[in-house]
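Student: Turn this into a structure:
(one chain, ligands or ions: 1)
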Amino acid sequence: MSLSSTRVKTLLSACGAYLEGHFELRSGKHSQFYVEKFRLLERPEIAGELCAAMAEAYKGKGVERVAGPALGGVVIAYEVARALGVPCAFAERVGEKLDFRRGFTFKPGEKVLVVEDVVTTGGSAIQVIDAVRAAGANPIGAAVLVNRTGKSLELGIPAIALLEMDIAAWEAKDCPLCKQGVPIVAPGSKGTGK
Ligand SMILES: [Zn+2]
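Tutor: Purely as a prediction, here's the structure:
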């Protein structure tokens, strides 16, 4: 990985994607930090640099295609694929799972790199991995922009994250920011979240 986590944070902060304050997460927990990925996805020059760094980790590994989940993963997959010089594909939600529609097809055993923007539970990335297998291809690795699961990524295949984010998150009753009376915002409540 050619980018330091400091550089990643600087880039995310520069476009307003890495926020410091007092946030109510989708889990209901409170946190001092939040990643608003759409502020990154609207900035091609910044997303391009970060995605190139994600691609760097998989150069020479024989990746034949890059796949990510809609919505955010569409941009990430496209940019990582550009950096690797291979095609991409997008999985989208069909009921409870993610699936490849729009005529995306894979060669049998095609080596696929699975990408995701911000991983909070790993659920979407795992669903893309499942969808790749269901399509007859071979998910050889995963690359994510931000891992905020609070532990190392466990996707069942080799995985890297550009930024390991400390998710100091508290139950509301234990939140030190609430105790200080810092106003809280719930980023996902206005349709700005995932
Ligand atoms: Zn709080």
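Student: ok, and what's touching whatever helix or strand Gly73 lives in?
Tutor: Gly73 is part of helix 72-84 when elements are defined by DSSP states H and E. Applying C-beta atoms under 8 Å, 6 or more residues apart in numbering, the external contacts of helix 72-84 come out as 37-38, 41, 44, 47-48, 51-52, 54-56, 58-59, 63, 65-68, 87-91, 113, 115-118, 124, 128, 143, 145, 194. C-beta: built from backbone N, CA, C; applies to glycine.
Student: Going C-terminal from it, what's the next secondary structure element?
Tutor: Using DSSP H and E, the helix or strand that follows helix 72-84 towards the C-terminus is strand 88-94.
Student: Not counting its neighbours along the chain, what's nearest the residue sitting nearest the centre point of the chain?
Tutor: By C-alpha atoms, centre = their mean, the chain has its centre lying nearest to Asp117, at 1.8 Å. Leaving out its chain neighbours, the residue that sits closest to Asp117 by C-beta to C-beta, 6 or more residues apart in numbering is Gly72, at 4.0 Å.
Student: try Val182
Tutor: Closest residue to Val182 in three dimensions, ignoring its sequence neighbours and counting by C-beta to C-beta, 6+ apart: His22, at 4.3 Å.
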